[in-house]
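*Asks:* 3D, please:
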Amino acid sequence: MYLLDTPGVMTPYVPNAMAMLKLALVACVSEKLFDTVILADFLLYTLNQRDPSVYKEWSEATNDVDDLLEKTARKTGRLAKQGAVEQESAARFLLHRYREGKFGHFCLDKVAECSEMEQIWKSQFKQYQHLLTKSR
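*Replies:* Numbers count the residues shown, from 1 in each chain. Down below sits the predicted model:
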């Protein structure tokens, strides 16, 4: 398990772009650092890997975030004057639904199976044991 501690004093620096997107998706970093539509696109990518049917209330399965946001905006009334689609509003709506758990609860990281974790733990234990006996 890794913990990224990013105090609010400075903009957090995470060298891995995927990790930074995951942190933004779960609102661990300020939304102001990311374009909302880009976060919605990452959310769509993540949902499509898990179960595309979770957003069927607003759109059929798609890989096109613009299509998803347009259909979501129209079905939820997020339209500007003269019927123009409010993409930012639709993106914020979907992100909020995700953060409320409306698309299900799942881990964004790939977690090793228990048997793999046990092997890793045993390997690390042997290394520590070897270091302890070596230092005596």
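*Asks:* burial count for the spatially closest residue to Arg74 that is not a sequence neighbour?
*Replies:* Nearest non-adjacent residue to Arg74, counting by CB to CB, 6 or more residues apart in numbering: Val85, 7.0 Å away. C-betas here are computed from N, CA, C, even on glycine. The tally of other residues near Val85 (other CB atoms under 10 Å) stands at 17.
*Asks:* please apply the same query to Cys28.
*Replies:* For Cys28, the count of nearby residues is 12 (other CB under 10 Å).
*Asks:* again with Thr36
*Replies:* Neighbour count of Thr36, defined by other CB under 10 Å: 19.
*Asks:* please apply the same query to Val65.
*Replies:* 21.
*Asks:* helix or strand for the residue lying closest to it once chain neighbours are set aside, which one?
*Replies:* Residue nearest to Val65 in three dimensions, not counting chain neighbours: Asp41, with 4.0 Å by CB to CB, 6+ apart. In the assignment (DSSP states H and E), Asp41 maps to helix 36-50.
*Asks:* buried set for that helix?
*Replies:* For helix 36-50, the neighbour count (16 or more other CB atoms under 10 Å) marks Thr36, Val37, Leu39, Ala40, Asp41, Phe42, Leu43, Leu44, Thr46, Leu47 as buried.
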